[in-house]
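S.K.: Sharing a sequence plus its predicted fold:
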Amino acid sequence: MAVFQSFGAAETVTGSCHRLQLGDGTALLVDCGMFQGQDEVRNREPFGFDPKAISAVLLTHAHLDHVGRLPRLVKEGFSGRIVATRATMELAEVVLMDSAHLMAEEYRTRYKKAQRRGEEESVPPPMYTMEDVSALYDLPITYAEYGETIELGHGIKATFRNAGHILGSSSVTLEIEEAGRRVKAVFSGDLGNRNDMVIPPPEPVAEADALFIESTYGDRLHKGVKDTEAEFRRVVSETLKRGGSVVIPSFAIERTQEILCLLKRMFDAKELPRCKVFLDSPMAIRATRLYDLYHTSLSQMCQRMLRRDGSLFAFSGLTFTQTPEESRAINDEKGCIIIAGSGMCNGGRILHHLKHRLWNGANTVLFVGYQAVGTLGRRLVEGEKRVKIYHEEIVVRAQIHTVNGFSAHADRDELLAWMGRFSRLEKVYLVHGEPDKQALFVKSIAKELGKQAHIVKYGETITL
């Protein structure tokens, strides 16, 4: 009998890591992601299983909370194969190299401070290095194409379908045959918002004996796309017209490309006040170039824009800042737009821009994505008036504004609609969500679909 266990993203949003083990001992993982926000301390805890015993890792997409612990898995003995779309693997390399770089920087900073106290041994080394990321790409990789079935051996087949979340994102159907018994287990991955400007909507899946579905926004509806874009335009225009700057903490993958796409449309329509726009994130710049490379996977609107302009994102006034020196030079700019990572303000160049601009009431910090509990972004959204950045207390006078409709996740009704397209759906299990929101989603599933959903607990054994 196949047995399922979650060792991440169980009653929490991040840390995606789901293990499936067959009766003959064969085991595989769906994702191996990093915990974020208040759960970050769990990243160094034992996996809960033996990495050497895993024969394959299937990746739903390249966000850090789905791939972030892969190099550590390899360091601890995983030597099997990786199965993912080609775009996912290329984006994952960008994400993981950036993660390793940030860990190295943090280690050096903490080590120097510990040296002055004579406590060097108290500082743990980085969880992995850039060399460890490179070692990951030395493993055998099977590139999945949407709709094609991949034989994984031991009676397991996998089919990837577009999840509509980010470039290369997938839902994964596993067909398992043991002792003449067949089971279809579907992992939704992160499902996308149907109103996404850049990525096409999620593809449906026909059948599932067990569906493991994300529930990040299972308790709410997103604002409509027209209202979302109108709100974004208004906040940006009002801030620039009063002489302030707009600071946008943005996730490097998908959200940044969506914001660039909208700013380009504003520029083309002469709705964007004259200003400089800085994309101040080497990681986001690399990701944006991959979106250009895989443009055939993007939305029809993007295809039309590409045919018309020969470019998906570029417009006059937009500058990509690669080096630290270029980033620091932005401090002298007034009345500009700054897009920088990280999206939850828990690291990266965004911290420098917040340090220099939070105190000024003319500026706006415009949040366009989910802020996990425990992050600086969440504290700002919840109204903290003073925050510490690089050990310096900063007063918060800038306007803090959140535009929720940009979510790359499906909302409650979109999740229900995707589930409703199954011709056969037996058991439903909720992962990737906060418990209070999952509890509300359980009620919605029962009311709208007549299904009893189960909230998966960490390490809980579920027999398929």
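M.R.: Looks like it arrived, so ask away. Numbering: from 1, shown residues only.
S.K.: Spatially central residue for the chain, please.
M.R.: H63 (3.8 Å; C-alpha atoms, centre = their mean).
S.K.: residue contacts, that residue?
M.R.: Neighbour list for H63: 33, 95, 166, 190, 251, 253 [criterion: C-beta atoms under 8 Å, 6 or more residues apart in numbering]. (C-beta placed from N, C-alpha, C; glycine too.)
S.K.: Minimum pLDDT in these, which residue is that?
M.R.: Across the set of the contacts of H63, F251 stands lowest in pLDDT, at 86.
S.K.: quick one: it and G369 touch, right?
M.R.: Yes - counting by C-beta atoms under 8 Å, F251 does reach G369; the two are 5.5 Å apart.
S.K.: can you list residues touching both of these two?
M.R.: Jointly contacting F251 and G369 under the rule C-beta under 8 Å, 6+ apart are G343.
S.K.: Between those two, point out the one with more neighbours.
M.R.: Taking other C-beta atoms under 10 Å, F251 and G369 do not tie; F251 has more neighbours (26 against 23).
S.K.: mind listing which of the contacts of H63 are in strands?
M.R.: With strands defined by DSSP state E, no entry of the contacts of H63 lies inside them.
S.K.: most surrounded residue in these?
M.R.: Result: I253 is most packed of the contacts of H63 (other C-beta under 10 Å), 30 neighbours.
S.K.: which residues touch the closest residue to that one other than its chain neighbours?
M.R.: Nearest non-adjacent residue to I253, counting by C-beta to C-beta, 6 or more residues apart in numbering: A287, 4.8 Å away. Counting by C-beta under 8 Å, 6+ apart, A287 touches 91, 94, 252-253, 256-257.
S.K.: Pipe those residues into JSON lines and attach distance to V57 per row.
M.R.: Listed next are the contacts of A287 as JSON lines, based on distance: C-beta to C-beta, whole Å:
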{"residue": "L91", "distance to V57": "16"}
{"residue": "V94", "distance to V57": "18"}
{"residue": "A252", "distance to V57": "22"}
{"residue": "I253", "distance to V57": "19"}
{"residue": "T256", "distance to V57": "26"}
{"residue": "Q257", "distance to V57": "26"}
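S.K.: Return the member of those nearest to V277.
M.R.: Set against V277, the nearest of the contacts of A287 by C-beta to C-beta is T256 (11.7 Å).
S.K.: Tell me the pLDDT of the nearest residue to T159 once chain neighbours are set aside.
M.R.: Sequence neighbours aside, T173 is the residue nearest to T159 in space, at 4.5 Å (criterion: C-beta to C-beta, 6+ apart). On the pLDDT scale, T173 is placed at 98.
S.K.: same question, A398
M.R.: 97.
S.K.: Grab the nearest non-local neighbour of it.
M.R.: Nearest to A398 is N363, by C-beta to C-beta, 6+ apart, at 4.2 Å.
S.K.: residues in contact with that neighbour?
M.R.: By C-beta under 8 Å, 6+ apart, the residues touching N363 are 239, 244-247, 357, 398-399.
S.K.: and if we set it to 6 Å?
M.R.: By C-beta atoms under 6 Å, 6 or more residues apart in numbering, N363 lies in contact with 244-245, 357, 398.
S.K.: Now render those residues as CSV, adding neighbour count.
M.R.: Output for these, formatted as CSV (neighbours: other C-beta atoms under 10 Å):
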residue, neighbour count
G244, 20
S245, 25
R357, 22
A398, 24
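S.K.: For the protein, which segments count as helices?
M.R.: 64-67, 70-75, 86-117, 130-136, 225-241, 255-268, 282-293, 300-309, 324-329, 350-357, 376-381, 412-420, 435-449 (DSSP state H).
S.K.: returning to that earlier point: among the contacts of H63, which one sits closest to K112?
M.R.: Looking across the contacts of H63 and measuring by C-beta to C-beta, the closest to K112 is V95, at 26.7 Å.
S.K.: from what I can see that closest one touches L64, true?
M.R.: Yes - between V95 and L64 there is a contact under C-beta atoms under 6 Å: 5.4 Å.
S.K.: Cross-check the contact I'm expecting between S188 and A210.
M.R.: No - S188 is not in contact with A210 according to C-beta under 6 Å; the separation is 11.5 Å.
S.K.: more neighbours, these two?
M.R.: S188 (26 against 22).
S.K.: For the more buried one, which residues are in contact?
M.R.: Counting by C-beta under 6 Å, 6+ apart, S188 has contacts 171, 213-214.
S.K.: how many neighbours does E151 have?
M.R.: Number of residues near E151 (other C-beta under 10 Å) recorded here: 10.
S.K.: okay, the closest residue to it other than its chain neighbours: pLDDT?
M.R.: In space, and not counting its chain neighbours, E151 is closest to K157: 5.9 Å by C-beta to C-beta, 6+ apart. What the model reports for K157 is a pLDDT of 97.
S.K.: Pretty sure K157 sits against I176.
M.R.: No - between K157 and I176 there is no contact under C-beta under 6 Å: 8.1 Å.
S.K.: For stretch 131-150, which residues meet the burial criterion?
M.R.: For stretch 131-150, the neighbour count (16 or more other C-beta atoms under 10 Å) marks 132-133, 136, 144, 150 as buried.
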